[in-house]
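# take this sequence and fold it.
(one chain, ligands or ions: 1)
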Amino acid sequence: MTPLAALLADRIGHDGPMTVAAYMAECLLHPGHGYYTTRPPFGAKGDFITAPEISQMFGELVGLCLAQAWLDQGAPARVTLAELGPGRGTLMADVLRATRAVPGFHAALHVMLHEASPALRAEQARTLAGYTPEWIGDIGNLPEQPLFLIANEFFDALPIHQYVKQAGRWHERVIGLAEGKLTFGLAPDGTRFDSRFAQDPDGSVVETCPAAAPYMRAIKERLSRHGGLALIVDYGGWRSKGDTLQALKDHAYSDPLAEPGRADLTAHVDFEALAGDWPAQRYTTQGAFLTALGIDTRAARLAQALSGDALENHIAAHRRLTGATEMGSLFKVLALTGPDAPPPAGF
Ligand code: SAH
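Numbers count the residues shown, from 1 in each chain. Sure thing, here's the model as predicted:
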């Protein structure tokens, strides 16, 4: 049993079963035992690898998309460039490097990062030392100015609730104890929620992510008042379908209840729930997005300077980011702009 499993078992013994959302929040962000708070999760030695860690091309193309939107919206003199969950700071560093030559863009930027892990904040400070970033705790405090925002694999880490339909009623999935071990069960009382799922048959599982709401509210408020562009990249789809809670350890899937605090826990992102009825939205796959932004040309250009293993790795990275059986179709991109903005590049 991990130390966190023991703590949670104690708590459940005392207070009764806990929701999947409460469990996820403890596993990821518990100050002493949480996954993000206690270990460097990324890269070949970590448990998973993200698009910006696979290739610099990802951040470069995201940067060009953001800078093009800034130009298309009249190159406003002061804007926020924000990232949610910046990890090691690699994506933001690539965005900034790729946009250095866009006249006036860097002078207009105020770089703001939202990061829960103190260890990762320190790493971001080292990676982005030249750009004087500011860390923002409460997303509601984003400045009142145009907002250009990127979030890659951030929303999948926010705690979700799960509900299972039985005899016409939705019951929340909870985590209790059986013979001293963490185990899934259902709350006895039925709950009412999201009318999108009213017609789903018995046995259906749906997930909701109320933790995403304050982020989307803050983003949409800035976009509607001041313009900008928010790019949200993650795995998931249009509408929640089934049980997508997953644990990842050493690049392999594991039982989400087996090692709380030691495995990454995520759920697929429901992009429909994030977008809501926002009028200026675009949605596509990561593969289509990167291809439309010119990843093939960029990859060929970078390949010219490479040979041997470095060239092989570069070709594999290109395929991994865009391939239909790799990240290209599992990962989606949602773009939101202000109501009057021209559509962003890449869609
Ligand atoms: N965007 C980076 C890292 C993705 S991993 C990349 O693409 O490589 C998820 C990131 O979100 C980590 O930096 C993690 O510490 C952060 N994070 C997770 N939950 C968070 C929360 N509730 N609030 C703020 N940051 C969070």
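# excluding its backbone neighbours, what's nearest the residue of the stretch 201-347 of the chain found nearest the ligand?
In the stretch 201-347 of the chain, the residue that lies nearest the ligand is A211 (6.9 Å; C-beta to the nearest ligand atom). To be clear about C-beta, it is placed using only N, CA and C from the backbone, and glycine gets the same treatment. With C-beta to C-beta, 6 or more residues apart in numbering as the criterion, A211 has its nearest non-adjacent residue at 4.2 Å, and that residue is L158.
# number of nearby residues for that neighbour?
21 (other C-beta atoms under 10 Å).
# follow-up on the earlier one: in a helix, the residue of the stretch 201-347 of the chain closest to the ligand, correct?
Yes - assessed with DSSP: H, G, I helix; E, B strand; the rest coil, A211 lies in a helix.
# model confidence for it, exactly?
Per-residue confidence at A211 stands at 97 (pLDDT).
# equivalent analysis for L248, please.
87.
# for the residue of the stretch 201-347 of the chain closest to the ligand, what are its contacts?
A21, L158, P159 (C-beta atoms under 8 Å, 6 or more residues apart in numbering).
# kindly report the same for M1.
A9.
# so where do the strands sit in the stretch 101-250 of the chain?
Counting by DSSP state E, counting those that start in this stretch, the stretch 101-250 of the chain has these strands, from start to end: 109-114, 134-135, 147-152, 161-166, 169-178, 181-191, 205-208, 228-237, 246-249.
# out of those, which is the most enclosed?
Highest mean neighbour count among the strands of the stretch 101-250 of the chain (mean count of other C-beta atoms under 10 Å): strand 147-152, with a mean of 26.
# okay, now H14: neighbour count?
Neighbours around H14, by other C-beta under 10 Å: 7.
# what about it, which SS state?
Per three-state DSSP, H14 ends up helix.
# how much space separates it from L7?
11 Å (C-beta to C-beta, to the nearest Å).
# would you map the helices across the stretch 1-150 of the chain?
Taking DSSP state H, counting those that start in this stretch as the test, the helices found in the stretch 1-150 of the chain are 3-15, 20-29, 35-38, 51-54, 56-72, 90-98, 105-108, 118-127.
# hang on, V20 packs against P159?
Yes - using C-beta atoms under 8 Å, V20 makes contact with P159 at a distance of 7.5 Å.
# pLDDT of stretch 269-283, averaged?
The model assigns stretch 269-283 a mean pLDDT of 96.
# got it, and stretch 252-260?
The average pLDDT for stretch 252-260 rounds to 91.
# again with stretch 157-176
The model assigns stretch 157-176 a mean pLDDT of 94.
# first to last residue in that stretch, what's the distance?
Taking C-alpha to C-alpha, to the nearest Å, stretch 157-176 runs 22 Å from one end to the other.
# that one and the ligand, any residue contact?
Yes - using C-beta under 6 Å from any ligand atom, stretch 157-176 comes into contact with the ligand via A157, L158.
# thought V79 was touching P143?
No - using C-beta under 8 Å, V79 is not in contact with P143; the gap is 9.0 Å.
# what sits against P201?
Neighbours of P201 in contact, by C-beta under 8 Å, 6+ apart: K165.
# ignore what I typed, I meant L158.
C209, A211, A212.
# give me the neighbour count for R126.
By other C-beta under 10 Å, neighbour count at R126 equals 9.
# hang on, the earlier thing: could you dump the helices of the stretch 1-150 of the chain to a markdown table with distance to V164 and mean pLDDT?
A markdown table is the format used below for the helices of the stretch 1-150 of the chain (distance: least, C-beta to C-beta, whole Å; pLDDT from 0 to 100):
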| stretch | distance to V164 | mean pLDDT |
| --- | --- | --- |
| helix 3-15 | 19 | 94 |
| helix 20-29 | 11 | 96 |
| helix 35-38 | 25 | 85 |
| helix 51-54 | 33 | 96 |
| helix 56-72 | 36 | 98 |
| helix 90-98 | 36 | 98 |
| helix 105-108 | 48 | 98 |
| helix 118-127 | 34 | 93 |
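# as JSON lines, those helices with distance to R319 would be great.
Output for the helices of the stretch 1-150 of the chain, formatted as JSON lines (distance: least, C-beta to C-beta, whole Å):
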{"stretch": "helix 3-15", "distance to R319": "37"}
{"stretch": "helix 20-29", "distance to R319": "30"}
{"stretch": "helix 35-38", "distance to R319": "29"}
{"stretch": "helix 51-54", "distance to R319": "10"}
{"stretch": "helix 56-72", "distance to R319": "12"}
{"stretch": "helix 90-98", "distance to R319": "19"}
{"stretch": "helix 105-108", "distance to R319": "31"}
{"stretch": "helix 118-127", "distance to R319": "26"}
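# okay, now the nearest residue to A317 once chain neighbours are set aside: neighbour count?
Spatial nearest neighbour of A317, excluding adjacent residues (C-beta to C-beta, 6+ apart): S55 at 4.0 Å. For S55, the count of nearby residues is 23 (other C-beta under 10 Å).
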